[in-house]
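Student: Take this sequence and fold it.
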Amino acid sequence: MMLRFRFSAGIFMLAVAAGAASAQPVIHAINRDTLPRSGRLAITGSGFGSRSDASRVEVDGTTAWFTTWTSTRIVAYVPETSDLGPADVKVIVNGQESNPVSFTVTARQGDGHVKWTFEADTDNLWFRPALAPDGTLYLHSSQGFVYALAPDGALKWTQKVNWYPYAPPAAGPDGTVYVGSIWSTFALSAQGEILWQFDDPEAQAVQIVPTPGPDGHLYGVFDPGNPGLGAYSLTRSGQYRWNNWGNPLMFEYGGLGADMRFGPSRSDGPVDQMYVGMDRRGNNQLYAFSLDGQQRWVIPVGPNGAGAQPVIGGDGTVYTPDFIAQGYGWVIRGFDPSDGSDVLFYDGGFVSGVSHLSIGPDDVLYYVADLAYLEALDPETGTLRWSHFTDAVMDAPQVSPDGRVVIASGVPTFGYPGFIKAFDAASGAELWSVPLPGEFYPAPRWLGTHMPRITPDSRTAYVSTVALSGGDADPYSLLYAMDIAGEGGVDCAAIRKLSARCTGGRLTAKVKSALEEGATLTLTRNGGDERTVTINARGKGKAKWTGLSGAQEVRVVECPERVTSANCS
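Tutor: Numbering: from 1, shown residues only. Below is the predicted model of the structure:
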């Protein structure tokens, strides 16, 4: 009898499990009845089960990318290929289809200076996106998802890595994106495949993700910890090359993450040096390493997190904010790249701090002082060009590559939704302001975060945001694409033809255009090795490289969609 009972009970349990597995998913509601292509589609219901390869979301039969998947809530994205107009969404779990729910698909819409926005399935985007040469954007969200977006805001793919970002992502010349969290770094292909993972389990955390250097190798930083690697280099395939802990030993207390900075070790020399800043619990140090891992010099520059991310002048001079505890307080300093000796010491009478610096094509430095003053400093003379009181709390600014406009986010005062503003780089005058959504605390509201990312052609600025959601059950953060072309920048439509030919190892690239005489373009070879082209009176210009072999790709930096190739056989 006991055996019979156990057998019967087993059949009963299998029947219950089979019934649960085959239960039909049910959609109760979606977040909006109108969504753009690549719009965030939040679905609530029941019977969705857990994340599985056998489960998916379809919009009119097309599988949608998704990020969140629980038994009662899914967040997916409207496929970019969806037809405009009425559409049905379904959830499919183990072959069982849910009830269809109808909504309307629209095209993405701009609004004044806002070209488009993208809703990321996360309550914060801590860092600005990485930007590939072809214009693809990469976001690493606090949920651990990496998003790839086309320049027009179309979602190309999503991919999950281990956790939220510890540092800004970096993009390589071939579109590979590098991200990092905890003590792991990842390389993802331009198609979203995880190519490799590189770990430093002895480290405290990722400080700078692997970043392509001028020689094609990767350079990054782990907070050493026990110790871990510290500054290090990998091959492009993720193989270890070298590491250096620094002397004094580098470590970070509450790291904020940083972008890698490269520069020349001597004025106007080749780019052959990398910079690493560490706070060392109030004893900040800025280290200079050669690209073969030798420490060239180290100088105290703190305590100040902004010192971990200097900017590099056209002649290689290294600029960073600093805090000198006795006598001066906050200052801006410049250092000779060969030995770290002082070449600039600017005491602006700062009271409550200096933001990260941004540097223009003429080496003018832009920053926010004392939370509310946007300023431009000429390092050659050591004097201010202008100081603009914004009557707001401002984040770190970013100047456009053509030196025409400065973009910054901020907030009127604490507790309010934020804004994105543009300022004239020549005078500091405010050009325009775009308010971010939300209401006063404790209601949900959005603020800009980190520094803007501006395209090489100075036509678009990308601004990440953080959502202070106030317990919102459907949180999301926004990436803004801002039109900053104005009267400047390069008219990409005026570039009629880009061609390249290679003979005997000599590569010549030619531009035919309707650009004005004297206009300049930057051409790169295989993602680097830049040449400046000056347009003549006939709208033409050319660039040359020698001693080459193999496949060569030439791209216009200011207009990344303008690309051509040649073979140096």
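Student: Now the residue most central in space within the chain. Nearest residue, chain neighbours left out?
Tutor: In the chain, the C-alpha nearest the mean C-alpha coordinate belongs to Pro129, at 1.8 Å (C-alpha atoms, centre = their mean). In space, and not counting its chain neighbours, Pro129 is closest to Leu137: 4.4 Å by C-beta to C-beta, 6 or more residues apart in numbering. All C-beta spots, glycine's among them, are computed from the backbone N, C-alpha and C.
Student: circling back: need the contact list for the residue nearest to the centre of the chain.
Tutor: Shown in contact with Pro129 (C-beta atoms under 8 Å, 6 or more residues apart in numbering): 137-139, 149, 169, 453, 462, 464, 479.
Student: just the buried members of those?
Tutor: 137-139, 149, 169, 453, 462, 464, 479 (16 or more other C-beta atoms under 10 Å).
Student: Just give the nearest non-adjacent residue to Thr413, would you?
Tutor: Distance criterion C-beta to C-beta, 6+ apart; nearest residue to Thr413, sequence neighbours excluded, is Val393 at 6.4 Å.
Student: which of the residues in the helix or strand encompassing Val554 are buried?
Tutor: Using DSSP states H and E, Val554 maps to strand 550-556. By neighbour count with 16+ other C-beta under 10 Å, strand 550-556 contains the buried residues 552-556.
Student: where does the stretch 151-300 of the chain have low pLDDT?
Tutor: By pLDDT under 70, the low-scoring segments of the stretch 151-300 of the chain are 254-255, 281-282.
Student: rerun at 50
Tutor: In the prediction, the stretch 151-300 of the chain carries no residues with pLDDT under 50.
Student: related to what we said a few turns ago, contacts only, for the residue nearest to Pro129.
Tutor: When contacts are counted by C-beta under 8 Å, 6+ apart, Leu137 touches 129-131, 147-151, 453, 462, 479.
Student: Export those to CSV and append columns for distance to Phe440.
Tutor: Shown next, in CSV, are those (distance: C-beta to C-beta, whole Å):
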residue, distance to Phe440
Pro129, 29
Ala130, 33
Leu131, 34
Tyr147, 30
Ala148, 35
Leu149, 31
Ala150, 35
Pro151, 35
Arg453, 29
Tyr462, 27
Leu479, 24
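Student: right, and out of these, which lies closest to Val533?
Tutor: The nearest member of those to Val533, counting by C-beta to C-beta, is Leu131 at 21.4 Å.
Student: who's in contact with that closest one?
Tutor: The contact partners of Leu131, taken as C-beta under 8 Å, 6+ apart, are 137-138, 171, 453, 455, 462.
Student: quick one: contacts of stretch 84-102?
Tutor: Stretch 84-102 is contacted from outside by 21-27, 29-30, 33, 37, 41, 43, 45, 47-49, 52, 54-60, 64, 74, 76, 78, 103-107, using C-beta under 8 Å, 6+ apart.
Student: Return the set of buried residues in stretch 364-373.
Tutor: Neighbour counts over stretch 364-373 (16+ other C-beta under 10 Å) mark 364-370, 372-373 as buried.
Student: can you check stretch 263-276 too?
Tutor: Going by neighbour count (16+ other C-beta under 10 Å), the buried part of stretch 263-276 is 263-265, 271-276.
Student: Kindly check the end-to-end length of that stretch for me.
Tutor: 12 Å (C-alpha to C-alpha, to the nearest Å).
Student: Could you check how far Leu41 is from Thr383?
Tutor: 54 Å (C-beta to C-beta, to the nearest Å).
Student: Please apply the same query to Pro214.
Tutor: Distance from Pro214 to Thr383, by C-beta to C-beta: 33 Å.
Student: Please identify which of those two sits among more neighbours.
Tutor: Under the criterion of other C-beta atoms under 10 Å, the comparison of Pro214 against Thr383 puts Pro214 first, with 17 against 9.
Student: Can you pull the poorly scored residue ranges out of the stretch 351-500 of the chain?
Tutor: Looking at the stretch 351-500 of the chain by pLDDT under 50, you get 487-488.
Student: need the buried residues of stretch 364-373 in JSON lines with secondary structure, can you?
Tutor: Below are the buried residues of stretch 364-373 laid out as JSON lines (DSSP: H, G, I helix; E, B strand; the rest coil):
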{"residue": "Val364", "secondary structure": "coil"}
{"residue": "Leu365", "secondary structure": "strand"}
{"residue": "Tyr366", "secondary structure": "strand"}
{"residue": "Tyr367", "secondary structure": "strand"}
{"residue": "Val368", "secondary structure": "strand"}
{"residue": "Ala369", "secondary structure": "strand"}
{"residue": "Asp370", "secondary structure": "coil"}
{"residue": "Ala372", "secondary structure": "coil"}
{"residue": "Tyr373", "secondary structure": "strand"}
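Student: How about the contacts made by the residue nearest to Val311 when sequence neighbours are not counted?
Tutor: Counting by C-beta to C-beta, 6+ apart, Val311 lies nearest to Ile359, which is 4.2 Å off, once chain neighbours are set aside. By C-beta under 8 Å, 6+ apart, the contact list for Ile359 reads 311-313, 319, 365-366, 399.
Student: thinking again about what came up before, closest to Trp545 out of the contacts of Leu137?
Tutor: Minimum distance to Trp545 across the contacts of Leu137 is 23.8 Å, recorded for Leu131 (C-beta to C-beta).
Student: what sits opposite that closest one in the beta ladder?
Tutor: Residues in a beta bridge with Leu131, per DSSP bridges, are Leu137.
Student: Break down the chain into its helices, ranges please.
Tutor: For the chain, applying DSSP state H gives helices covering 2-21.
Student: re earlier: and the residue nearest to Val311, how close does it get to Val26?
Tutor: 56 Å.
Student: What of Leu384?
Tutor: On the measure of C-beta to C-beta, Leu384 and Val26 end up 64 Å apart.
Student: Next: Gly192.
Tutor: Here the criterion is C-beta to C-beta. By it, Gly192 lies 31 Å from Val26.
Student: which of the two has more neighbours?
Tutor: More neighbours surround Gly192 than the other of Gly192 and Val26, with 16 against 12 (other C-beta under 10 Å).
Student: what are the phi and psi angles of that one?
Tutor: Dihedral pair for Gly192: phi 90, psi 10, per degrees, to the nearest 10.
Student: any idea how far it is from Gly541?
Tutor: For Gly192 relative to Gly541 (C-beta to C-beta), the value is 36 Å.
Student: before we move on, what about Ser102?
Tutor: The gap separating Ser102 from Gly541 is 54 Å, by C-beta to C-beta.
Student: Quick check: bridge partners of Ala408?
Tutor: Note on Ala408: beta-bridge partners Lys421, judged by DSSP bridges.
Student: State the distance from the nearest residue to Tyr328 once chain neighbours are set aside to Leu515.
Tutor: Nearest residue to Tyr328 in three dimensions, chain neighbours excluded: Asp347, at 5.5 Å (C-beta to C-beta, 6+ apart). Per C-beta to C-beta, Asp347 is found 43 Å from Leu515.
Student: What is the nearest of the buried residues of stretch 364-373 to Thr235?
Tutor: Closest approach between the buried residues of stretch 364-373 and Thr235, by C-beta to C-beta: Leu365, at 35.0 Å.
Student: Correct me if wrong: the closest one contacts Val354.
Tutor: No - at 10.0 Å, Leu365 and Val354 do not qualify as touching, with contact defined as C-beta atoms under 8 Å.
Student: Mutual contacts of these two, please.
Tutor: In the contact map built from C-beta under 8 Å, 6+ apart, the residues linked to both Leu365 and Val354 are Ile332.
Student: what ranges do the strands span in the stretch 251-400 of the chain?
Tutor: Using DSSP state E, counting those that start in this stretch, the strands of the stretch 251-400 of the chain run over 261-264, 271-278, 285-290, 295-300, 311-312, 318-324, 329-335, 342-346, 358-359, 365-369, 373-378, 383-389, 393-394, 398-399.
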